[in-house]
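> everything below, folded, please.
(one chain, ligands or ions: 1)
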Amino acid sequence: MTATLPATARVISQWLDQFETALKEGDIEQAAQLFGDESYWRDLIAFSWNIVTVEGRDGVRDLLASTLDRVRPHGFEVAEDLGEPAEAGGVAESWIRFETAIGRCVGHLRLRDGKGWTLLTTMYELIGHEEQQGDRRPRGAEHGANPNRQTWLERRTHEAEELGHTTQPYTVIIGGGQGGIALGARLRQLGVPTIIVDRNPRPGDAWRNRYKSLCLHDPVWYDHLPYIDFPKNWPVFAPKDKIGDWLEMYARVMELNYWGSTECRSAKYDETKGEWIVVVERDGAEITLRPQQLVLATGMSGKANIPTFEGMDVFTGDQHHSSQHPGPDAYRGKRAVVIGANNSAHDICAALWEGGADVTMVQRSSTHIVKSDSLMTIALGGLYSEEAVAAGMTTQKADLTFASLPYRIMHEFQIPVYDEIRKKDADFYARLGAAGFLLDYGDDDSGLFMKYLRRGSGYYIDVGASELVAGGDIKLESGVDVVRLTETGVVLTNGKELPADLVVYATGYGSMNGWAADLISQEVADKVGKVWGLGSNTTKDPGPWEGEQRNMWKPTQQQALWFHGGNLHQSRHYSLYLALQLKARMEGIPTPVYGLQESHHLR
Ligand SMILES: Cc1cc2nc3c(=O)[nH]c(=O)nc-3n(C[C@H](O)[C@H](O)[C@H](O)COP(=O)(O)OP(=O)(O)OC[C@H]3O[C@@H](n4cnc5c(N)ncnc54)[C@H](O)[C@@H]3O)c2cc1C
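Got it, this is the predicted structure:
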């Protein structure tokens, strides 16, 4: 059959046929030989019940030796509905589809010289536990006559009254920001009883509470939530309160059991019963929940890093972390010092300047700056843009394309992108440099995404503040640190004292296992270790190489404890795999984890 296909499709199909034969025969060596010397297999729960990338033939052997008997993969084929196989620069690539004993899967394959170079395998659906979509959608109305009829509203009200009181949820998600909400929506569709708790009153408040000028830095095509896309008239960069309203609407129509004004006080795993004891305070009353799974979706930009400087106790002006910054209104005509030079620092400086404050930014070390326009067109445009949509790109394909590039080599694809941006915006960077701003492009010049994935910090997507820095409207002290605060100002290591009525600490956020320390115990936080980062051995991302984001969306060293979050794209995409991991456990489907990550760093 493959002989009638065009050349690239034939090569791909032949490889898939050989791969399937080897797997069916349990011939791990033959399967491994289909991969090149340099090769990467990224698996999102299809084989490993983990999020893991193995490298080289040894990696393939190891993964298959642990999983093949159980997974029983079959039916490998080109997924033509996702796109035709293509060939460029000696690399043939194709979307693929297959099944395992328990799941339906899609993936992506790249062949170099006929050998596997990158393979992505992802499970999107558990057989027999499909979401009620399309022709499986619920009927809603029950035609006929039934004296005991309950309306949808009655059923929904009943469920909300029972869950957490007379019945227990299978999963509790702490944190009802976009992360908790997206995961909650997927779990609802999979029939996993779930309660989301958030200390804020309304869904969306995490965005509403941020400084008033904030708009999303990522464009709309990147930001959709699962199931409901933003409408076609949604702004490219949504203002924070609009996102807040969208999340509130979403939580309601997706029928989430969302407990607002509910603070999680503590959580403890009861090993003997295999359940968590989660103590929450809801509207002043203490309630104990006993879920079997606990997800911390408390935000990677939630645990404020507040520095301790001598003199903070004597400073007589206002001082707060960027997460507490209310906006510029109270500071017209005042002197503001913003400590930090990343996203929040820039946004806050610009808003304070617009609000008539005298603003100084204090930059300790270099920052990566990329102009929003350049990022949109050169870095993101191919996958997430109006042009991409017009060319047939879908959110699913874009997410999977992004996922198909193994982290080990992703920087190699990013470096040329940022080289191009540097050339295009050379004047801009020169002006910033001339103003004394310390610039970098990442340790290996791989730019914004790699910094985000490795350390989640160290950059600003320029939407205007950089011109104010270059032009001196926002004053700059760079290459300096704070020595101490006085009653009236900030003393720097260069000997200057900056008079200040306001000091903003735009000093970033801590690792999410800090939440586990606060809510569970230091012991569990240490057992789990640092959350986020790839182990790239670059600044703030210490090795050893992990190959995936540490502890995110996958099993951790603490049984039944999960971390969820990230930007809107990650939250959308990876919530699927986390939801399926939870669903499988609820259904008693065996989920032996291949390659459970070890903990190397405490935070
Ligand atoms: C200034 C700024 C700009 C950003 N811009 C973008 C952007 O453009 N695009 C993007 O995708 N991301 C952006 N981010 C990142 C952003 O933080 C995340 O995308 C998003 O907020 C993460 O959502 P989340 O649900 O993981 O966490 P959060 O939104 O932080 O939500 C965590 C929730 O947990 C709750 N919580 C914490 N502890 C408890 C407890 N003990 N009990 C009950 N509830 C608790 C909090 O109240 C909060 O609502 C930005 C972040 C900042 C700070």
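
> which bits of this structure sit near the ligand?
174-180, 197-200, 206, 210, 214, 216-218, 263-264, 297-299, 301-302, 343-344, 519, 565, 567-568 (C-beta under 6 Å from any ligand atom). Every C-beta, even on glycine, is put in place using the N, C-alpha and C of the backbone.

> the same query, at a cut-off of 5 Å, please.
175, 177-179, 198-200, 206, 216-218, 263-264, 298-299, 301-302, 344, 565, 567-568 (C-beta under 5 Å from any ligand atom).

> any idea how many residues pack against the closest residue to the ligand within the stretch 401-550 of the chain?
Closest contact between the stretch 401-550 of the chain and the ligand, by C-beta to the nearest ligand atom, is at residue 519 (5.9 Å). Using other C-beta atoms under 10 Å, residue 519 has 20 other residues around it.

> strands along the stretch 201-350 of the chain, start to end?
With strands called from DSSP state E, counting those that start in this stretch, the stretch 201-350 of the chain shows them at 258-259, 262-270, 275-282, 285-289, 293-296, 318-321, 335-339.

> surely the residue of the stretch 401-550 of the chain closest to the ligand meets residue 296?
Yes. Between residue 519 and residue 296 there is a contact under C-beta atoms under 8 Å: 7.4 Å.

> model confidence at the residue of the stretch 251-400 of the chain found nearest the ligand, what's the number?
At 2.4 Å from the ligand, residue 299 is the closest residue in the stretch 251-400 of the chain, using C-beta to the nearest ligand atom. We have a pLDDT of 89 for residue 299.

> swap in the one 10 residues further on?
Residue 309 is assigned a predicted lDDT (pLDDT) of 97.

> dihedrals phi and psi, residue 60?
Backbone torsions of residue 60, given as degrees, to the nearest 10, read phi -60, psi -50.

> list the contacts for it?
28, 31-32, 35, 39, 41, 54 (C-beta atoms under 8 Å, 6 or more residues apart in numbering).

> tally of neighbours for the closest residue to the ligand within the stretch 1-150 of the chain?
The stretch 1-150 of the chain approaches the ligand most closely through residue 51 (16.8 Å), counting by C-beta to the nearest ligand atom. Neighbours of residue 51 under the rule other C-beta under 10 Å: 25.

> cool, the one 5 residues further on as well?
Each residue near residue 56 was counted by other C-beta under 10 Å, and the total is 16.

> with the one 3 residues further on instead?
Residue 59 is surrounded by 19 other residues when neighbours are defined as other C-beta under 10 Å.

> the stretch 501-603 of the chain: helices as residue ranges?
Remark: helices assigned in the stretch 501-603 of the chain by DSSP state H, counting those that start in this stretch are 513-519, 522-528, 568-586.

> now those helices as TSV including distance to residue 139 and mean pLDDT?
Listed next are those as TSV, based on distance: least, C-beta to C-beta, whole Å; pLDDT from 0 to 100:
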stretch	distance to residue 139	mean pLDDT
helix 513-519	41	90
helix 522-528	43	95
helix 568-586	23	98
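
> in JSON lines: these, plus distance to residue 556.
Output for the helices of the stretch 501-603 of the chain, formatted as JSON lines (distance: least, C-beta to C-beta, whole Å):
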{"stretch": "helix 513-519", "distance to residue 556": "9"}
{"stretch": "helix 522-528", "distance to residue 556": "5"}
{"stretch": "helix 568-586", "distance to residue 556": "11"}
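
> helix or strand with the lowest mean pLDDT in this structure?
Within the chain, no helix or strand scores below helix 513-519, which has a mean of 90 by mean pLDDT, DSSP states H and E.

> pull up the overlap in contacts between residue 519 and residue 296.
Contacts common to residue 519 and residue 296, judged by C-beta under 8 Å, 6+ apart, are residue 174.

> same list (the contacts of residue 60) but as CSV, adding pLDDT, distance to residue 414 and neighbour count.
Listed next are those as CSV, based on pLDDT from 0 to 100; distance: C-beta to C-beta, whole Å; neighbours: other C-beta atoms under 10 Å:
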residue, pLDDT, distance to residue 414, neighbour count
28, 98, 33, 18
31, 98, 30, 23
32, 98, 29, 21
35, 98, 24, 26
39, 98, 20, 23
41, 98, 21, 24
54, 98, 22, 25
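
> farthest-separated two in those?
Largest separation among the contacts of residue 60 by C-beta to C-beta: 28 and 39, giving 14.6 Å.

> would you map the helices across the stretch 1-150 of the chain?
Using DSSP H, counting those that start in this stretch, helices in the stretch 1-150 of the chain cover 7-24, 28-33, 56-71.

> show me where pLDDT drops low in the chain?
For the chain, the stretches flagged by pLDDT under 70 are 1-5.

> C-alpha coordinates for the longest strand anywhere in it, CSV please?
The strand spanning the most residues in the chain, taking DSSP state E as the definition, is strand 115-126. The C-alpha coordinates for strand 115-126 follow below in CSV (Å, rounded to 0.1, in the frame of the first residue of the first chain):
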residue,chain,number,x,y,z
LYS,A,115,16.2,7.1,11.0
GLY,A,116,14.1,8.4,13.9
TRP,A,117,15.3,11.8,15.0
THR,A,118,12.4,13.1,17.1
LEU,A,119,9.4,11.2,18.1
LEU,A,120,6.5,12.6,20.1
THR,A,121,3.9,10.3,21.6
THR,A,122,0.9,11.6,23.5
MET,A,123,-2.3,10.0,24.8
TYR,A,124,-5.4,12.2,24.4
GLU,A,125,-8.1,9.8,25.4
LEU,A,126,-8.7,6.7,27.5
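
> now the element after it, going C-ward?
Using DSSP states H and E, the next helix or strand after strand 115-126 towards the C-terminus is helix 152-162.

> residues contacting the closest residue in space to residue 461 that isn't next to it in sequence?
Take residue 461 and drop its neighbours on the chain: the residue closest to it by C-beta to C-beta, 6 or more residues apart in numbering is residue 217, 4.4 Å away. Neighbouring residues of residue 217 by C-beta under 8 Å, 6+ apart: 237, 343, 372, 461, 463.

> thought residue 39 was touching residue 113?
No. Assessed by C-beta under 8 Å, residue 39 is found out of contact with residue 113, at 11.2 Å.

> tally of neighbours for residue 290?
14.

> would you confirm that it contacts residue 277?
Yes. Judged on C-beta under 8 Å, residue 290 makes contact with residue 277 at a distance of 6.2 Å.

> skipping adjacent residues, who's closest to the residue of the stretch 1-150 of the chain closest to the ligand in space?
Nearest residue to residue 51 in three dimensions, chain neighbours excluded: residue 554, at 4.3 Å (C-beta to C-beta, 6+ apart).

> show me the contacts for the residue in the stretch 51-200 of the chain positioned nearest to the ligand.
For the stretch 51-200 of the chain and the ligand, the shortest gap (C-beta to the nearest ligand atom) falls at residue 177, measuring 2.3 Å. Residues counted as contacts of residue 177 (C-beta under 8 Å, 6+ apart) are 198, 206-207, 247, 297, 299, 302, 565.

> ok, what's across the strand from residue 497?
Beta bridges link residue 497 to residue 491, judged by DSSP bridges.

> would you confirm that it contacts residue 487?
No. Counting by C-beta under 8 Å, residue 497 sits too far from residue 487 to count as a contact (11.0 Å).

> so between the two, which is more surrounded?
The neighbour count for residue 497 versus residue 487, taken as other C-beta under 10 Å, is higher for residue 497 (14 against 9).
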